[in-house]
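S.K.: Sequence and predicted structure below; questions after.
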Amino acid sequence: MLDKKEWRRLMKQKLQAMDQDERNRASSAVHRELFESQIWNRAKSIAITVSREFELPTRPVIERAWIEGKNVSVPKCDPISRSMQFRSITSFDELEIVYMDLCEPIESLTYEVDRSEVDLMFVPGLVFSRDGYRIGYGGGYYDRYLEHFKNKTAAMAFSFQVEESLPTEPFDIPVAAILTENGWIER
């Protein structure tokens, strides 16, 4: 079995090599399924990352959330303490590009959202196992944050990002559901 570092390298390559038409088709299918789901319709407040170019796009999800009156918060990471907080945004103008090309909220324009106020957290990852475990970018930010998060978690991914099993460690925290262009996978 591949180790986490090898999985990261492999999935980044696959994501970057993905055909744009296929990316658009699969992304649209994921978004359509999400917007019709109960998990989405019940959530009044979502936490989500702003996707990078090679990832499944999250901007349409954020825009739809705003249209529907949902509170949207995105992560602000502190690389020194390796901690993360979520801050409410009402416009993409409240974001800035930081290290690793991440879009994060500008602190002076946003406010922190307590984890108990988030109904649905979208957890990013490069590869997922069918039982909800994930391999992210290696910072451990989400595993530390999720340790004290009690509400619903989900992930959006392309179907090739889901494997039967992955290497896990004791501190890894699985997501409750994964949505791909082929539908929901729930544990």
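M.R.: Noted; the coordinates are in hand. Residues are numbered from 1 along each chain as shown.
S.K.: got the residue ranges for the strands in this structure?
M.R.: Counting by DSSP state E, the chain has strands at residues 45-47, 71-78, 83-89, 95-97, 103-105, 111-113, 120-122, 127-129, 134-135, 152-156, 162-163, 177-180, 183-186.
S.K.: So which of the ones you listed is the most surrounded?
M.R.: strand 134-135 (a mean of 24; mean count of other Cβ atoms under 10 Å). Backbone N, C-alpha and C define where each C-beta goes, glycine included.
S.K.: can you list contacts of it?
M.R.: 4, 7-8, 11, 123, 125-128, 155, 166-167, 172, 174-175 (Cβ atoms under 8 Å, 6 or more residues apart in numbering).
S.K.: Please check these and keep the buried ones.
M.R.: With neighbours counted by 16 or more other Cβ atoms under 10 Å, the contacts of strand 134-135 contain buried members at 4, 7-8, 11, 123, 125-128, 155, 166, 172, 174-175.
S.K.: Tell me the one among those residues nearest to residue 186.
M.R.: Comparing these against residue 186 with Cβ to Cβ picks out residue 175 as the nearest, at 9.6 Å.
S.K.: Phi, psi for that closest one please.
M.R.: phi -90, psi 160 (degrees, to the nearest 10).
S.K.: now residue 49
M.R.: phi -80, psi 160.
S.K.: okay but it is in contact with residue 75, surely?
M.R.: Yes. If you go by Cβ atoms under 8 Å, residue 49 and residue 75 touch, sitting 6.1 Å apart.
S.K.: Would you mind measuring from residue 63 to residue 154?
M.R.: 18 Å (Cβ to Cβ, to the nearest Å).
S.K.: ok so, going back, I'd like the buried ones among the contacts of strand 134-135 as TSV, with pLDDT appended.
M.R.: Compiled in TSV, these are given as follows (pLDDT from 0 to 100):
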residue	pLDDT
4	93
7	96
8	95
11	96
123	97
125	96
126	97
127	97
128	98
155	98
166	95
172	91
174	96
175	97
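S.K.: Any chance of JSON lines for these, columns distance to residue 186?
M.R.: Output for the buried ones among the contacts of strand 134-135, formatted as JSON lines (distance: Cβ to Cβ, whole Å):
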{"residue": "4", "distance to residue 186": "24"}
{"residue": "7", "distance to residue 186": "22"}
{"residue": "8", "distance to residue 186": "25"}
{"residue": "11", "distance to residue 186": "22"}
{"residue": "123", "distance to residue 186": "14"}
{"residue": "125", "distance to residue 186": "16"}
{"residue": "126", "distance to residue 186": "20"}
{"residue": "127", "distance to residue 186": "18"}
{"residue": "128", "distance to residue 186": "12"}
{"residue": "155", "distance to residue 186": "11"}
{"residue": "166", "distance to residue 186": "17"}
{"residue": "172", "distance to residue 186": "18"}
{"residue": "174", "distance to residue 186": "11"}
{"residue": "175", "distance to residue 186": "10"}
